[in-house]
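Student: Below is the sequence, then the predicted model.
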Amino acid sequence: MGRKGSFAERPIKGPGPKAKKQGPPVLIKSFKAPPSPKAEELKLSHRQKQRLVKRQQKKLNKQPPPSKKQLQQKKLSKYDSDESVEKGSDIDEESDNEVVFDNDDSDSENETEVQGFTDDNKSWLTPKLKKNGRNQKDDVEDSSEDEGSSEEEDGEDQDQGSDEEQGIDEEQGSDEEQGSDEEQGSDEEMDENEYDSDDVKVGTLNDVSVDEGESASDDDGESNGFLDKSASEDNEDDDEVEGSDSGDDEEEEDSAEDQEENDSEDDQEGDDSGDDQEEDDSDDASEKSDDDEDLLPIEKASKKLKLKKETDARLAEEELQMNIGTSEVFTLPDTDGEADDKKELTLQEIHQRIKDVILVLSDFKKNREPGRTRSEYTQLLRSDLCRYYSYNDFLMEQLMNIFPLNELIEYLETCELPRPVTIRTNTLRARRGDLAKALIARGVNLDPLGKWTKVGLVIYDSAVPIGATPEHLSGQYMIQGASSIAVGTILDAQENENVLDMCAAPGGKTTHIGAMMKNTGVLFANDANRKRVPALLANIHRLGVMNCIISGQDGCTYTTIMRGLDRVLLDAPCSGTGVVSKDPSVKTSKSEVDIQRCYNLQRRLLLEAIDCVNPKSPTGGIIVYSTCSILPEENEWVVDYALKRRHVKLVPTGIDLGTEGFVNYRQFRFHPSMKLARRFYPHTHNMDGFFVAKLKKLSHIVTTPDEEEEEIGESETIVVEDSGDREVVQTKRKAENLEATEAKKRKREEEQKKYVAKVFEKPVVVKKQVNEEATQSKKNKKAAAKGEVTWAVATKTIANVEQTSSGKKSKSKKQAAAAQLSQAEPASFDSVNKSKYFPQSSSSRSKQQGTETPIRSEAKNNGTESSKSSARKSLNSKQKNGVETNNRSVKVEFTQIPSNTLIDLTETPTKSQQKNTTKMSASKTKIQGKTSAKATPQQSQQTPKIKGSKSPQTKQDTQTPISSKKQDPQTSKSTEKQNKNKNNKSSSQSAASDTQKKIKMHPKSAIGKVEVDSLSDSFALKVKAKMSKKKPVKKIGNLKPNKKDDVSKKATGFKSKMGKFKEL
Amino acid sequence: MKRLSDERAKIFFEKLTKYIGTNAKQLIDRPDGTYCFRENKNKVYYASEKLIKLAENIKPKDLVCVGTCLGKFSKTNKFKFSITALNYLAPYAQYKIWVKSSCEQQFLYGNHISKSGLGRITENTPKYQGAVVYSMSDVPLGFGVVARSTSDCKMADPLATVCFHQSDIGEYLRSEDTLFSTIM
């Protein structure tokens, strides 16, 4: 900038004053007297020799640097006023004046000197011209450099030598600026090395001391490399020019850490430096002369300015780094030797040590200290990092596993800084452009967030608190992290869908979904933490989402409320390792147990979320799983877990953002499609650390991994273990980590016992059975029309129950107990069935038929339920348990059974079987109750007594009413109708076979001993009529008629009110 | 979730018509499905029938909110709108008050609107009429009761209150915790 200005001014200012000063050319002659002899010397001898002389002089002068400056000035003043002005004063104003002068001077000088050279050899004219010009320049520069630089001495050092060489190269390119730069570069080097040379001088006698000195200098260079560009360039130059040298340099750093190795290397260095020295001299001379010749005087002046500044800066820096360097020299050997010395170290020292260790680890083969293992280095590094960034050991280990070292440092550094504030425009209330305008008017400095979102804005700074502007309060925007916005975008909710946000509070993503749905469809927001729900409520209302149902249920049981949703967003609770900048307490507070807790919960939630989704949804069937953690245990592993247990696949996220998820992480081998998942990092994307996976549900099929299936026969706990450590087992490092894994297993056992065994393993079996039964029942449906065939069906189904229950007896104690129960049931059935073989008594037959019908209907219901379950929409799914009211028919009860098995995954299969059986028995008893109630009131009074007398059934009987209380009074009409039809059929059949309308009771009989005569047509009709009567009252009556009532009332109310108003 | 009793329905609609007048009809007869008012723990919710049906699946204990919460009945059986009702009051408001940007912040901190802060007011607003308060850029800020009729406003001195504060969107920030605490 300054240069340009001076260039422009030059022609204007130039001539007048300078002409005057040009006046005394005599001075030039007198001035020339000193340099001319030098020139003669040059002629006489090689210029290198000349410089040797100079340098020797400098050596002598160099040791007291302050005096040199004075000397310079004196010399300058002696030589010429012009020159003195040039050198002594680096101020711009003077340089302007100088310009013309310099030109003249240089011209005159050049003329004379050129002549001298041309006499010798004309072919070398041009270069020599430069070289001659250079002489003069040398004087100037040498004097200026005197403080710091002694070129000859520096020759001892490798770095400089290489630099000089490069100087030559660029010279040949004959680019002025480059040449000057190089010059400066070399000068800088010289300055640096001044101290080295001193050290060398002092310590030449002692090898070790020499080592120290050199290593210190090298370290300086290295540390410069970290901090200073110019220095790093120098290092690079070394590398380019001399590959071997660069290698040596690195080793020298090692020498800083471990001094003892280096003797041999030092020797090499000595040789190198010897060679370099000679080259240096010649190079310097040629280089500088070239530059001076070509340069304009202004450039010269500016160059000098630069030089001075840089030398000053260099000196200051060097002093700093000398301090650091010296300390480094002391600490580094300690660090490698003993890791316990940390206490004495300052943060700065630790930081330095971190750098060094990372450098060693970056090329471990070369840089390692022999006898030291990598783990020792990493151990040291980890402890240092923990100390420096104040993480706990566990988390740091995790992070070191995730990131390569250089990235790790970057990550840790970024985590210390806050992320930029981002807001999301609420498209329900405002457009982004309008909002941006309004905010800018309030003094907010903002920008669009990125190409991937149309609603995000980044806020750089603002004059007002961004969370309290009227725009914020009126819900035009939501303060939300960029990664959260990305998650909402990835979910991509469509209009008229049913969407669930499972862990919704505080509602950022929920309202995003609401905005995307444009207040159509239904949005379910759930959060188990009641303390956070008010925030959710407030945000949903503030942002104007009106189609939201907010619940505070545990997400792990959400399928009991709702299924068949189109999309589910699961922003699972996590350890929060990705948002360290928001909550630094994570750094120290998280332990392995916390992580385990997190991922156990996450797995449950994810499976639940998948279960909630309808795979046949035309628009959706999407689950988005996200966490604000970056640990693979909470992310990929959880998703992988779900992939193995549910019929889902990963799909691309749809936005071009984030890095791929891990497929391989340490011992884990995740599903190859895991790369479709996305990770966000603070240091690469400048957003919170996040993980997002988008899953598409394909069907309701529940699968269990093979290993688990194999060991299903074993005890419950073992199954649990395997489910937890499946991945671990897959990796072949069993022997080593057996102890660790077992410890893990134990922990996981404790945590997973509660649900894994119940939730994941057993329902599978049940489902299969249900399906079998369903298929069987379907096959037999047609045949079932005839009474005798239904016998077979009944026996078959019972046999199934028996088989399944007996098959599982051995599994566990609980199960065994359950199996006993379930066995007890079939036993009762058997006894019932036995009566089949004694068809003499019409009553027994009728009883059998009575029992038969429910079984058949159950089987059918199983089939219908399973087939329906997929297609069933959320409305229908409302009926979680079938209807069970005392007035309803028996068949209705049986709808509970399949629905239970489908919905209540939490139940063990045996339990559900147990339920089946209990309900069957309950239904029997209820048949008693109902029928008896209808037949005669006395009998109905008797029945409870009878129930009370039977030990196995009494329990079940007591159970059933409880369950009936829980059950929703509303059932789906369709199932009821089907049941009714069946009911009618069976009843009509029975009516055909038996005309008796009474129900006989045999109080002393062993089992139910209530023999139900088959229902007559009239009774069936009655039941039917009752049901049909109750339906509209109970079901529709709740909503529609009331609605109408409401409306009418409201309307009338309005009219009256309107009338009042009019009157008023 | 239950229907409003006749008595409460009367109270509620009286209050509603105070703010939005005959436009209350539009809340009931909507082209996009049937919407209804439901009461749960003294709070009144407004939501579509579909939503309410679906919400019946959720245990009453766990159900927090369906649709939009309009307000609550006090112990003395009077109905009070909460700020969340603004979603429905603002679009249908009959009487409006615009506040100057200088007074905006004051109102959002819960203060009454003085004559000096009054930007505009609907013509012929009667005294003690419920009105929705807007900023000059037509952002609804809350609602209140007009303290002086339009004609009186013109005559009033600058410090005189023209609108009593009832509720404002600043409550989302000021009292987020207490706003719905009774629901929980």
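Tutor: Looks like it came in fine.

Student: What residues of the helix or strand where A:Gln379 lies count as buried?
Tutor: Using DSSP states H and E, A:Gln379 falls within helix A:374-389. By neighbour count with 16 or more other CB atoms under 10 Å in any protein chain shown, helix A:374-389 contains the buried residues A:377-378, A:380-389. Every residue, glycine included, has its C-beta placed from N, CA and C.

Student: ditto for stretch A:505-525
Tutor: A:505-517, A:521-525.

Student: swap in stretch A:571-585?
Tutor: Result for stretch A:571-585 [16+ other CB under 10 Å]: buried residues A:571-581.

Student: Mind telling me the two of the residues you listed farthest from one another?
Tutor: Spatial extent of those (CB to CB) is set by the pair A:Ala572 and A:Ser581 at 20.3 Å.

Student: Now, the buried residues of stretch A:505-525 that are in strands?
Tutor: Mapping those onto strands (DSSP state E) picks out A:522-525.

Student: Now render the residues you listed as TSV, adding distance to A:Arg368.
Tutor: Below are these laid out as TSV (distance: CB to CB, whole Å):
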residue	distance to A:Arg368
A:Val522	63
A:Leu523	58
A:Phe524	58
A:Ala525	56
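
Student: Can you tell me which of the buried residues of helix A:374-389 comes closest to A:Asp312?
Tutor: A:Tyr388 (31.7 Å).

Student: Which pLDDT does the model give the closest one?
Tutor: What the model reports as pLDDT for A:Tyr388 is 92.

Student: how near is it to B:Val162?
Tutor: Distance from A:Tyr388 to B:Val162, counting by CB to CB, to the nearest Å: 62 Å.

Student: host element of the closest residue to A:Lys649 other than its chain neighbours?
Tutor: What sits nearest to A:Lys649 in space, not counting adjacent residues and going by CB to CB, 6 or more residues apart in numbering or on different chains, is A:Lys696, at 5.6 Å. Assessed by DSSP H and E, A:Lys696 sits inside strand A:690-702.

Student: pull the CA atoms of that strand into CSV?
Tutor: Extracted in CSV, the C-alpha atoms of strand A:690-702 (Å, rounded to 0.1, in the frame of the first residue of the first chain):
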residue,chain,number,x,y,z
PHE,A,690,-24.5,-34.5,15.9
PHE,A,691,-25.4,-37.8,14.4
VAL,A,692,-28.3,-38.4,12.1
ALA,A,693,-29.6,-41.6,10.6
LYS,A,694,-32.6,-41.8,8.4
LEU,A,695,-34.3,-45.2,8.4
LYS,A,696,-37.1,-46.5,6.2
LYS,A,697,-39.3,-49.2,7.6
LEU,A,698,-40.0,-52.0,5.2
SER,A,699,-42.3,-54.2,7.2
HIS,A,700,-43.4,-55.2,10.7
ILE,A,701,-41.1,-58.2,10.7
VAL,A,702,-39.2,-58.6,13.8
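
Student: what's the closest non-adjacent residue to A:His683?
Tutor: A:Thr414 (4.0 Å).

Student: ok, that neighbour - how many residues close by?
Tutor: By other CB atoms under 10 Å in any protein chain shown, the residues close to A:Thr414 number 18.

Student: wait, what's in contact with it?
Tutor: A:581, A:682-683, A:686 (CB atoms under 8 Å, 6 or more residues apart in numbering or on different chains).
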